[in-house]
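Participant: I would like the atomic coordinates for the input below:
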Amino acid sequence: MKRIRIAFAFAPLLLTVLTAAAWAQDAPHTALPPLPAPLGVPKPGQATDAPYAPQPILPGGVVVALYPPGSPFLKMERVREAEQYNMSQTVPGRINSIVNIHNPSIEVHTVDRGLNTGAVVILAAGGGHNTLNVGSEAADFVPFFYNYGVNTVILRNRLRRDGYNPQTDEVNDALQAIRLVRAYAKEWSIDPNKIGIMGFSAGAELAAAAAVLFPDFDKTNSGPSDPLAGTTSRADFAGIIYPGPSPFARNRTAPPIPRNVPPAFLVCGGSGDRVHAVWAVEYFSAMLAISVPNIEMHIYGAGRHPGDALPDGSHMTGGLTDRNDTPFGTWQYRFIDWFRDLGYLQKPGVETKAARDTASFASQPAR
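Facilitator: Take a look at the predicted model:
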């Protein structure tokens, strides 16, 4: 009797399930609503009769042109042309790279007051002087450095593909960016003694050159008509990441190394990226030869250059990617170790170990 009662008790529920299943088979299929279009996708500004106005590539970016209108650094016949964005095909709103840069600029991203160390990293993206890879080698670093209380500045420098000389025009853009950030340090709550540049590949060429060529740049651009005259373009530190040729490459005439040359952190893959590793070693060796303090280099045994083809047909990525879970993919944490050790993660206004060591080295007679 109990079994019969249980069966009758479940009968209404079973009937409901079977009825629902039958209705589902007979009911017409309702199509999903279409997905909305991506919102907030950045776009380049329009070409007008005025110099091109660079637009921010990340929310909240403060964009400042490197040179005032009419500057002799600019090509007046091209300064009105609009930049061109190369957007990701799979990530809506992500800018992979930019070309056609004729009014170079900086884009500033500051951190909250309670977190702010006053340090700032100017990010010089690579791209072989043919594109500016601002996605993986600039924009991705804004939230990374934010976590450590470090402000960031994305440099949009001119390119060889657009008719500019990497060793003059592009280096000038890097040096101008450093002194422009220093000139507005108070407005952006930046410590004027904790301003550095980090470059990647072609951008590392600019960072390495900026680290040693600033005296001539400051001297040349000291006239009364220059609004930044008297503000030095010397970087307080340099990050030289899988670099292109530095001023100390074998086919170049090495410039004199200033006694107050900034400390540098160098990174590259080894035999898998041999050419760039040689260029990194050449810069490191030039500094080591005269005992410049706080120069650190990491050459990884397993590592290839961003953009290199892999056996599966894909291409090696750069920036912050983990590089197939190899040690090379953790270089950014080695940089933070070095950065912290030199005192850059202290509160604003506190003299860094790097500054003390540089001053001590500069006070010694050259050997």
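
Participant: so which residues of this protein form strands?
Facilitator: 62-65, 84-87, 95-99, 105-109, 120-124, 151-156, 195-200, 238-241, 264-269, 295-300 (DSSP state E).

Participant: of all those strands, which one comes closest to Ser225?
Facilitator: Nearest to Ser225, of all the strands of the chain, is strand 62-65, at 16.8 Å by C-beta to C-beta. The C-beta positions use only the backbone N, C-alpha and C, and glycine is treated the same way.

Participant: okay, now the sheet partners of the closest one, with direction.
Facilitator: The partner list of strand 62-65 in its sheet, established with DSSP bridges, is strand 105-109 (antiparallel).

Participant: who touches the partner strand?
Facilitator: By C-beta atoms under 8 Å, 6 or more residues apart in numbering, the residues outside strand 105-109 that reach it are 54, 56-58, 60-66, 122, 142, 146, 151-156, 177, 180-181, 188.

Participant: at 7 Å what do you get?
Facilitator: 54, 56-58, 60-66, 142, 151-156, 177, 180-181, 188 (C-beta atoms under 7 Å, 6 or more residues apart in numbering).

Participant: that strand: how far from the chain's middle?
Facilitator: Mean-position distance between strand 105-109 and its chain equals 11 Å (C-alpha atoms, centre = their mean, to the nearest Å).

Participant: how much does that strand deviate in direction from strand 151-156?
Facilitator: 160 degrees (axes from the mean of the first three to the mean of the last three C-alpha atoms, to 10 degrees).

Participant: number of nearby residues for the residue nearest to Arg161 when sequence neighbours are not counted?
Facilitator: Taking C-beta to C-beta, 6 or more residues apart in numbering, and ignoring the residues beside it in sequence, Arg161 has Asn130 as its nearest neighbour in space, at 4.4 Å. Using other C-beta atoms under 10 Å, Asn130 has 14 neighbouring residues.

Participant: need the contact list for Asn130.
Facilitator: Counted by C-beta under 7 Å, 6+ apart, Asn130 has contacts Leu159, Arg160, Arg161.

Participant: try 10 Å
Facilitator: If you count contacts by C-beta atoms under 10 Å, 6 or more residues apart in numbering, Asn130 has them with Ser97, Val99, Leu159, Arg160, Arg161, Asp162, Ala202.

Participant: hmm, back to that, need the buried ones from the contacts of strand 105-109 selected in ChimeraX.
Facilitator: To isolate the buried subset of these in ChimeraX, counting by 16 or more other C-beta atoms under 10 Å, use the following:
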select :54,57,58,61,63,65,66,142,151,152,153,154,155,156,177,180,181,188
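
Participant: what about the contacts of Asn130, which are in helices?
Facilitator: The members of the contacts of Asn130 that map onto helices under DSSP state H are Ala202.

Participant: and which of the contacts of Asn130 is nearest Val267?
Facilitator: Using C-beta to C-beta, these come closest to Val267 at Ala202, 15.1 Å.

Participant: number of residues surrounding the closest one?
Facilitator: 26.

Participant: residues touching the closest residue to Phe73 other than its chain neighbours, list them.
Facilitator: Distance criterion C-beta to C-beta, 6+ apart; nearest residue to Phe73, sequence neighbours excluded, is Tyr67 at 4.8 Å. Shown in contact with Tyr67 (C-beta under 10 Å, 6+ apart): 51, 73-74, 79, 103-105, 172-173, 176, 180, 227-228.

Participant: what of Ser363?
Facilitator: Arg259, Asn260.

Participant: what's the pLDDT at it?
Facilitator: Note for Ser363: predicted pLDDT of 96.

Participant: where in the chain is pLDDT low?
Facilitator: For the chain, the stretches with pLDDT under 70 are 1-28, 309-311, 313-316.

Participant: quick one, helices of it?
Facilitator: 2-26, 141-146, 171-183, 202-220, 274-289, 331-341, 353-363.

Participant: how about these in TSV, adding distance to Pro243?
Facilitator: Shown next, in TSV, are the helices of the chain (distance: least, C-beta to C-beta, whole Å):
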stretch	distance to Pro243
helix 2-26	63
helix 141-146	17
helix 171-183	13
helix 202-220	3
helix 274-289	5
helix 331-341	13
helix 353-363	20
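
Participant: so which of the ones you listed is nearest Glu83?
Facilitator: Once the helices of the chain are compared by C-beta to C-beta, helix 171-183 is nearest, at 14.1 Å.

Participant: okay, the angle between the closest one and strand 195-200?
Facilitator: 150 degrees.

Participant: list the buried residues for helix 171-183?
Facilitator: Buried, per 16+ other C-beta under 10 Å, within helix 171-183: Val171, Asn172, Asp173, Ala174, Leu175, Gln176, Ala177, Ile178, Arg179, Leu180, Val181, Arg182.

Participant: could you do stretch 269-282 as well?
Facilitator: So for stretch 269-282, counting by 16+ other C-beta under 10 Å, buried means Gly269, Gly270, Gly272, Asp273, His276, Ala277, Trp279, Ala280, Val281, Glu282.

Participant: out of these, who's nearest Asp357?
Facilitator: Nearest to Asp357 among the buried residues of stretch 269-282, with distances taken as C-beta to C-beta, is Ala280, at 21.5 Å.

Participant: so how far is Leu342 from that closest one?
Facilitator: The spacing between Ala280 and Leu342, counted by C-beta to C-beta, to the nearest Å, is 19 Å.

Participant: now do Leu58
Facilitator: For Leu58, the distance to Leu342 (C-beta to C-beta) stands at 27 Å.
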